[in-house]
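Undergrad: sharing a model prediction with you, sequence too.
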Amino acid sequence: MDLLSILSNSFRGALGPEAAIYALAAVGLNMHFGYTGLLNFGQVGFMLVGAYGTAVPVVAWGLPLWVGILIGIACAIVLALLLGVPTLRLRGDYLAIATIAAAEVLRYIYRSEWAEPLTGGVFGITQFANDFYDLNPYSSRLDLGWLSFSPTALWVMTVGWGATFLACGLVALLIHSPWGRVLRSVREDEQAARSLGKNIFSYKMQSLIIGGVLGALAGSLMAINTQALTPDVFMPILTFYLWTIMILGGASRIMGPVVGAIVFWFLLTFLDSFLRQIIGDGLIGLESSDVGAIRFAAVGLGLMLLMMFRPAGLLGNQKELRLDVR
Amino acid sequence: MRARVTSLFAALLLAVMLAPGAAAVGAISSPPATAVGSIAVSQGDSAETTSPADGAESTAEPGESEEAAETLRGSIRGPDREPVPGLTITVTQDGTEVGTGTTNDNGQWEVPLPGPGTYSASLDPAELPEGVAPKEEGGEEVTGVIVRPGANQGVIFQLAATGDGEEGSAPAAGGITFLDRFLQLTVEGIKFGAIIAITAVGLSLVFGTTRLINFAHGEFVTFGAVMGYFLSVSPVNLPLIVAAVLAMLLTALLAGVMDLTVFRPMRRKSAGMIQQFIVAIGLALVIRHVLLVFFGSRRRGYDEYNLQTALDFGLFRITPRDLVVTILAFVIMGLVAFMLQRTRIGKAMRAVNDNEDLASASGINVQRVVLTVWVVGGALAGIGGVMFGLTQTVYTNMGFQLLLLMFAAVILGGLGNAYGAMLGALVIGLVSQYSTLWFPSSLQNMWALLVMILVLLFRPQGILGRRERVG
């Protein structure tokens, strides 16, 4: 067993492009749940429309990539409106069911034969983000001895973490504005906010759109990062990852999703490399194909334990978030 | 005004979802039962078969890839559903003849191919029996059949009886009419709905007594099905009926233990609903993926009762296995209703459902009632899982896919209302089957979810739900 390589993998996971992308999506989810109290279990649906909105115009219509990203954002806004109008008036648990169902329906539509001319169906689409990589200012690897990143990974990380911190800054400004105070009052007591004459439906909808757009941006980055897009990347479990990240870091904390993503990816890649190593050494009777399943089970267990014993997460403040359905 | 805006958006939402839905393929697919001998009801994607009166008669089974080599195959039946033997099928590629085949006594034919590519198949109309002709002009040739590597591609010839073109003059014995398909799908829908119903009752009861949407309920279904599988294959090799009963008990045990160790302590700490909900999601992930490690990702069927000939009741056909499963599901529903109405514990459940504090004040041990609800719900999920695995296949994602349908059923019937869940499940089962009359069968579950969204829009408390504030 090579502890150094496990640690180096884990740090690469914790800082790498995936962690940045998940952090950005979790910032959006934090907007929904942390600040507005919306139980959105379909964040992956926003990522899906963002990713395909980015890739499809480039491949199918030959538009530049930045137009694609804008189209992805527009798709997320439309999705938020379609999803929000029927469900935002209902109690939180209804919203949870409706969003998870909608995300699944979307995934099946995007992978259907009907959508194949645009989305490539189950085969997906590739090579649409060359515009992005042409702008890459890095030409050599970053090498810290035991930790190194390729130039392309560095470029995605720069943009990804940059976007995440910009999003955090935006959310911080919004939340500390009068608008943000109304939003938090909606989370704390919908009736009280309504009795003060606030149109809570409109506030919830704005929050759903902002968080959804952040999710769509994360989806775009995800597509750009791999340059290959299939609908089955966007399984419901991805949403559960985001929830774990948000709760681990601390919901309704500005930096919660960032800390959550770093710690989450560190632990996840640590577990992954550790399991692969001990399986490679023949220490336990598992096969390497089981690692994925064990990883998911570990996420589930982590989510359970966190929620039971420290629902406020690492940064959270138990009083800030009164986890309850209203 | 607001209502008008809402309905406008509802229409928009529907339009957006339906337009692709009409053609999209690949759904939250629960493949229709592939029982041998059952009518090919799942062939909704050939729209022609829905046209009434005409006998559209020739089915093509997508072949199992027994051999690696590519073939074209099909089976030809006349409008009276009788197989047509002795027909010569000629397969050509770019005008060159590739091979010929002759239909056997069951009307089946098969032509081996040199490799993947695009082929045409034709039959000789002169060889057809008296009074039978291709349904459409030029229907004796099917062109542009794309064969993928290793595929046994099915080819469908549409045949019709000549001379019964006038509406209403179709003979009673003639082909699959719209009505036949409708009746057959009704039976399939009731079967599917009944299975959803017995699993959804547990979800609804748990919600009614604890206000928890138990996300792990779908995983109880998977657990039951997988336990039934492991107990019925070697090395245990129990008869499936015994295995099913044991699987039911094991699932009940699992559910009870989960309530005692996870959710009761949380209720005692008066943890919020969202907190419990997320814990249930975590629990679902753990159970599903632990099962995945042991069971593998392959779909498997039970050893017993997997090949059966359908019984023909004239109006519809059903395999004995599916008939027993359906009847059993209704018996179980009856027992649950009896328990709720007549027994002490059932009345206690309804009391806790109505008002927990009042029930507690009148001497009902609420925690014990909740535990019973979990155990009963687990048992129902377990047996439902075995039934689902019997009529379809066992795989580790089955519970999650069924869970979405259960949500639809429970919301349709009214959250927390056990009878509503049963009724909603039957509606969901029928909706998903009837949709295959017009739309691809792989999209059937999407229609069920759309029904749920419509109900959320116009009657969020569900069909039987009480008019309480849900917003």
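TA: That came in fine, so what should we check first? What you see is a predicted model, and the numbers here were worked out from it, not measured in a lab. Numbering: from 1, shown residues only, chains lettered A, B, ... in the order given.

Undergrad: show me where the chain has strands.
TA: Here I'm looking at chain A. Along chain A, the segments classed as strands by DSSP state E run A:125-126, A:142-143, A:148-149, A:228-229.

Undergrad: hmm, I had chain B in mind actually
TA: Taking DSSP E, the strands of chain B run over residues B:58-59, B:71-76, B:88-93, B:96-102, B:108-112, B:117-123, B:132-134, B:141-147, B:152-154, B:159-161, B:311-312, B:317-318.

Undergrad: just to revisit the earlier point, need the strands of chain A in JSON lines (columns: mean pLDDT).
TA: Below are those laid out as JSON lines (pLDDT from 0 to 100):
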{"stretch": "strand A:125-126", "mean pLDDT": "84"}
{"stretch": "strand A:142-143", "mean pLDDT": "78"}
{"stretch": "strand A:148-149", "mean pLDDT": "83"}
{"stretch": "strand A:228-229", "mean pLDDT": "88"}
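
Undergrad: identify, out of those, the most deeply packed stretch.
TA: Compared across the strands of chain A, strand A:228-229 shows the largest average neighbour count, a mean of 20 (mean count of other CB atoms under 10 Å in any protein chain shown). The C-beta positions use only the backbone N, C-alpha and C, and glycine is treated the same way.

Undergrad: what's in contact with that one?
TA: Strand A:228-229 is contacted by residues A:51-52, A:55, A:120, A:124-126, A:128, A:223 when judged by CB atoms under 8 Å, 6 or more residues apart in numbering or on different chains.

Undergrad: list the strands paired with that strand, with their directions.
TA: Note on strand A:228-229: by DSSP bridges, its sheet partners are strand A:125-126 (antiparallel).

Undergrad: remind me, longest helix of chain B?
TA: What stands out as the longest helix in chain B, according to DSSP state H, is helix B:178-210.

Undergrad: what's it packed up against?
TA: Other helices and strands packing on helix B:178-210, by 3 or more CB pairs under 8 Å, 6 or more residues apart in numbering or on different chains; DSSP states H and E, are helix B:217-232, strand B:317-318, helix B:320-342, helix B:344-354, helix B:366-391, helix B:398-413, helix B:418-434.

Undergrad: 7 Å instead?
TA: With contacts taken as 3 or more CB pairs under 7 Å, 6 or more residues apart in numbering or on different chains; DSSP states H and E, helix B:178-210 sits against helix B:217-232, helix B:320-342, helix B:344-354, helix B:366-391, helix B:398-413, helix B:418-434.

Undergrad: switch those over to TSV; also include mean pLDDT.
TA: Output for the helices and strands packed on helix B:178-210, formatted as TSV (pLDDT from 0 to 100):
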stretch	mean pLDDT
helix B:217-232	94
helix B:320-342	92
helix B:344-354	90
helix B:366-391	94
helix B:398-413	90
helix B:418-434	90
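
Undergrad: any idea which of the strands of chain B scores lowest on pLDDT?
TA: The minimum mean pLDDT among the strands of chain B belongs to strand B:58-59 (a mean of 36).

Undergrad: domain assignment for chain B?
TA: Per automatic domain parsing, the structural domains of chain B span B:56-174, B:180-458.

Undergrad: looking at the ones you listed, which is nearest to residue A:71?
TA: For the domains of chain B, proximity to residue A:71 was assessed by CB to CB; domain B:180-458 is nearest, at 24.3 Å.

Undergrad: next one: the closest one to chain centre, how far?
TA: Between the centre of domain B:180-458 and the centre of its chain there are 13 Å (CA atoms, centre = their mean, to the nearest Å).

Undergrad: that one: end-to-end distance?
TA: With CA to CA, to the nearest Å as the measure, domain B:180-458 spans 33 Å from end to end.

Undergrad: same check, this time on stretch B:427-445
TA: From its first residue to its last, stretch B:427-445 covers 12 Å (CA to CA).

Undergrad: wait, does it contact chain A?
TA: No. Using CB under 7 Å from any CB of the partner chain, stretch B:427-445 stays clear of chain A, coming no nearer than 7.6 Å.

Undergrad: for that stretch, buried residues please.
TA: Buried positions in stretch B:427-445, judged by neighbour count with 16 or more other CB atoms under 10 Å in any protein chain shown: B:427-437, B:439-445.

Undergrad: next: stretch A:61-75.
TA: Across stretch A:61-75, burial judged by 16+ other CB under 10 Å covers A:65, A:68-69, A:71-73, A:75.

Undergrad: ok, stretch B:357-374 next?
TA: Residues of stretch B:357-374 classed as buried under the neighbour-count rule (16+ other CB under 10 Å) are B:359, B:364, B:366, B:369-374.

Undergrad: cool, and stretch B:224-244?
TA: Across stretch B:224-244, burial judged by 16+ other CB under 10 Å covers B:224-232, B:238, B:240, B:243-244.

Undergrad: sorry, back to before: any of the contacts of strand A:228-229 buried? List them.
TA: Listed as buried from these are A:51-52, A:55, A:120, A:124-125, A:128, A:223; burial here means 16+ other CB under 10 Å.

Undergrad: what's the distance between the residue in the stretch 251-400 of chain B that chain A sits nearest to and residue B:154?
TA: Per CB to the nearest CB, residue B:285 is where the stretch 251-400 of chain B lies closest to chain A, at 2.7 Å. Counting by CB to CB, to the nearest Å, the gap from residue B:285 to residue B:154 is 39 Å.

Undergrad: the two: which is more packed in?
TA: When neighbours are counted by other CB atoms under 10 Å in any protein chain shown, residue B:285 and residue B:154 differ, and residue B:285 comes out ahead with 27 against 18.

Undergrad: thinking again about what came up before, dump the helices and strands packed on helix B:178-210 to TSV, plus distance to residue A:172.
TA: Converted to TSV, the helices and strands packed on helix B:178-210 look like this (distance: least, CB to CB, whole Å):
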stretch	distance to residue A:172
helix B:217-232	38
helix B:320-342	52
helix B:344-354	44
helix B:366-391	42
helix B:398-413	36
helix B:418-434	44
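
Undergrad: out of the ones you listed, flag the one nearest residue B:255.
TA: Closest approach to residue B:255 among these (CB to CB): helix B:366-391, 2.5 Å.

Undergrad: and the closest one, what does it pack against?
TA: Counting contacts by 3+ CB pairs under 7 Å, 6+ apart, helix B:366-391 packs against helix B:178-210, helix B:217-232, helix B:240-258, helix B:320-342, helix B:344-354, helix B:356-361.

Undergrad: deepest-packed of those, please.
TA: Compared across these, helix B:217-232 shows the largest average neighbour count, a mean of 28 (mean count of other CB under 10 Å).

Undergrad: tally of neighbours for the closest residue to chain B within the stretch 201-326 of chain A?
TA: Using CB to the nearest CB, residue A:300 is the residue of the stretch 201-326 of chain A that sits closest to chain B, at 2.7 Å. For residue A:300, the neighbour count with other CB under 10 Å is 26.

Undergrad: turn the strands of chain B into a markdown table, columns for distance to chain A.
TA: Listed next are the strands of chain B as a markdown table, based on distance: least, CB to the nearest CB, whole Å:
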| stretch | distance to chain A |
| --- | --- |
| strand B:58-59 | 21 |
| strand B:71-76 | 21 |
| strand B:88-93 | 24 |
| strand B:96-102 | 27 |
| strand B:108-112 | 26 |
| strand B:117-123 | 17 |
| strand B:132-134 | 27 |
| strand B:141-147 | 12 |
| strand B:152-154 | 16 |
| strand B:159-161 | 27 |
| strand B:311-312 | 34 |
| strand B:317-318 | 29 |
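
Undergrad: go through those strands and name the closest to residue A:100.
TA: Among the strands of chain B, strand B:317-318 comes nearest to residue A:100, with 33.4 Å by CB to CB.

Undergrad: pLDDT weak spots in chain A?
TA: Applying pLDDT under 70 to chain A flags residues A:1, A:317-326.
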